[in-house]
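Visitor: Got a predicted structure here, sequence first:
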Amino acid sequence: MSENFAADFTERQKGHLPGELDIEWELVARGEARGRFTVTQRHMAPNGFLHAASVIALADSACGYGCVVSRPQGATGFTTLELKSNFLGTAREGVVTCRAWLVHGGRTTQVWDAEVRHEETGKVIALFRCTQMILWPKA
């Protein structure tokens, strides 16, 4: 089992968007990340439904945090090249969870998939695919 960096990322995100959305991390490890938030007014759109940006912030953070701990030795960071999302449902209350997993871990790119669910119903809210470019020190 890989080392779990969930507490480190929870602390690190304070004062940034994931912290402002009260995203909690259960697991941030090599090849996988799992997080969640409890739906509150801050996660909602004015139309009374879960804001797509709240769901994207959860999934993108899961993929990004997983990328950080899964990058090749010597890499200095990453940047997101592409984020694809398909929304299949919503939530108005309860807990929204995300599981992200590494699909491709190359030297120059990583590809992550993520699934966002409503915890109480088990229904899938959204599916994601993120491609990250691995950053290296300048030669």
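Guide: Done, it's in. Quick caveat, the model's predicted, so the values are computed rather than measured.

Visitor: Can you report phi and psi for the closest residue to residue 51 other than its chain neighbours?
Guide: Nearest residue to residue 51 in three dimensions, chain neighbours excluded: residue 45, at 4.2 Å (C-beta to C-beta, 6 or more residues apart in numbering). Every residue, glycine included, has its C-beta placed from N, CA and C. The phi/psi pair for residue 45 (degrees, to the nearest 10) reads phi -90, psi 160.

Visitor: how near is residue 45 to residue 93?
Guide: 14 Å (C-beta to C-beta, to the nearest Å).

Visitor: just residue 26 next, same as before
Guide: If you go by C-beta to C-beta, the gap between residue 26 and residue 93 works out to 20 Å.

Visitor: got it, and residue 46?
Guide: Applying C-beta to C-beta, the value for residue 46 to residue 93 is 17 Å.

Visitor: For those two, indicate the residue with more neighbours.
Guide: residue 93 (12 against 6; other C-beta atoms under 10 Å).
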